[in-house]
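Undergrad: model the following, please.
(one chain, ligands or ions: 1)
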Amino acid sequence: MERRKAIPYINDEVATRDFKYYIFDWDDNILHMPTKIRMEHRREDGVWEPVEVSTATFAMIRSDVAHYRPPSDGGWNAAFRNFADEPGRNTFIEDTIAALEKIEHGEIPGPSYNAMRKTLREGRIFAIVTARGHSPETIEKAVRIFIRYALTESEREEMMSNLRGYRKWFDGVTEFGTDAQELDYYLHMCRYSAVTHDAFKVRMEADPIYQEKLATAELSAKPELAKEFAIRDFVEHIFHTLKRTGGLGRSVSIGFSDDDKGNVKSVSSYIRQELSKRFEGIKFVVYDTSDRTLSKGRKVCVSGQLNLPGF
Ligand SMILES: [Mg+2]
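TA: Numbers count the residues shown, from 1 in each chain. Sure, this is the predicted structure:
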């Protein structure tokens, strides 16, 4: 067995690392969630009956309008009720726990599950960008649950050691808070964007550029636009953080992973046409995780700043 090095209280080696940040889609990318979409299915005799379908099944039947439709009572809002916060009940948290417990019992996790684990272990800033409608607080809570289930005790210790390393290096901190306080600080640096959450929609509609984009976009292109907005938000956040702390002199890369081919395509072209021009020093990498038969679970689609050596 490999002998592990003792984990230092503060990992000063983080100061020698490159800057890598990640944006993760949640469903079927990090975790296969049991959350069901409520639809109606047309039986042979022509009667429509309520059915619940998984996100994976939904992707296949969504265009079969002859046999499937959203609930006649409530439409699409009713179809996706389980994908938003409801008073007194939090399906997202319950489903996250259920998905993580299945992994403990041997089920294959989402294709970016290990990338998410590594990101946390290394203490890197990340964003969750999902089409769901939860509040940022709900998603952050799910990430905390992920940390508890998916990292071992020594991996959590490693994460804390890295977090202290970054705090010392970036902020000049030498006196640290409790683990809980340092974890709070880290998780507050990250971003949690559920693009169908009301507050997110309000913020997007107040942005002059997106106001114009939304006004001219087709209805079907709006979810992709919202993901675009969330990504721009995170890239700006990283850019300003690095500028403030003088970190822009180094190689910076931002990865994006999603299992939805439509999102991968639109985000790739957004990066090519806009982001890579606006943020010339940043390398962008897009991971397409739609093909479950790939051994690594993902393929690399686009990277900005192609002149970087080694890529
Ligand atoms: Mg997904």
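Undergrad: ok, the residue of the stretch 201-311 of the chain found nearest the ion to Gly106 distance?
TA: When distances are taken as CB to the ion, the stretch 201-311 of the chain approaches the ion most closely through Asp259, which lies 4.5 Å from it. For every residue, glycine as well, the C-beta is placed using N, CA and C. Relative to Gly106, Asp259 is positioned 21 Å away (criterion: CB to CB, to the nearest Å).
Undergrad: ok, now Ile238?
TA: Going from Ile238 to Gly106 by CB to CB gives 36 Å.
Undergrad: part of a strand, is Ile254?
TA: Yes - the assignment for Ile254 by DSSP: H, G, I helix; E, B strand; the rest coil puts it in a strand.
Undergrad: tell me the secondary structure at the residue nearest to it when sequence neighbours are not counted.
TA: Setting aside the residues directly before and after it, Ile254 is nearest to Tyr21 in space (CB to CB, 6 or more residues apart in numbering), at 4.9 Å. Under the three-state scheme (three-state DSSP), the conformation of Tyr21 reads as strand.
Undergrad: how about Trp169?
TA: Assigned state for Trp169: helix (three-state reduction, three-state DSSP).
Undergrad: which one in this structure is furthest away from the centre?
TA: With CA atoms, centre = their mean as the measure, the chain has its most outlying C-alpha, relative to the mean C-alpha position, at Asp45: 42.2 Å.
Undergrad: just the element for it, please.
TA: When secondary structure is defined using DSSP states H and E, no element contains Asp45, which sits outside every helix and strand.
Undergrad: ok, now Tyr192?
TA: Assigned by DSSP H and E, Tyr192 belongs to strand 191-194.
Undergrad: report the buried residues of the helix or strand following that strand.
TA: For strand 191-194, the following helix or strand on the C-terminal side (DSSP H and E) is helix 198-205. Buried positions in helix 198-205, judged by neighbour count with 16 or more other CB atoms under 10 Å: Phe200, Lys201, Met204.
Undergrad: got it, and stretch 135-155?
TA: Residues of stretch 135-155 classed as buried: 135-136, 138-143, 145-147, 150-151, 155 (neighbour count, 16+ other CB under 10 Å).
Undergrad: repeat for stretch 170-181
TA: Applying a neighbour-count criterion of 16+ other CB under 10 Å, one finds Phe170, Phe176 buried in stretch 170-181.
Undergrad: neighbouring contacts of that stretch?
TA: Residues outside stretch 170-181 that contact it (CB atoms under 8 Å, 6 or more residues apart in numbering) are Met160, Arg164, Arg167, Lys168, Glu182, Tyr185, Thr245, Gly247.
Undergrad: ok, longest helix in the protein?
TA: Looking only at the chain and at elements set by DSSP state H, the helix with the highest residue count is helix 222-244.
Undergrad: near the ion at all, it?
TA: No - Helix 222-244 does not reach the ion (CB under 5 Å from the ion); its nearest approach is 10.5 Å.
Undergrad: show me what that helix packs onto, helices and strands only.
TA: strand 19-24, strand 126-130, strand 191-194, helix 198-205, helix 208-216, strand 252-258, helix 261-270, strand 282-288 (3 or more CB pairs under 8 Å, 6 or more residues apart in numbering; DSSP states H and E).
Undergrad: can you give me the end-to-end span of stretch 31-45?
TA: Stretch 31-45 stretches 37 Å from its first residue to its last (CA to CA, to the nearest Å).
Undergrad: poorly predicted segments of this protein, please.
TA: Applying pLDDT under 70 to the chain picks out residues 1-4, 247, 295-297, 301-311.
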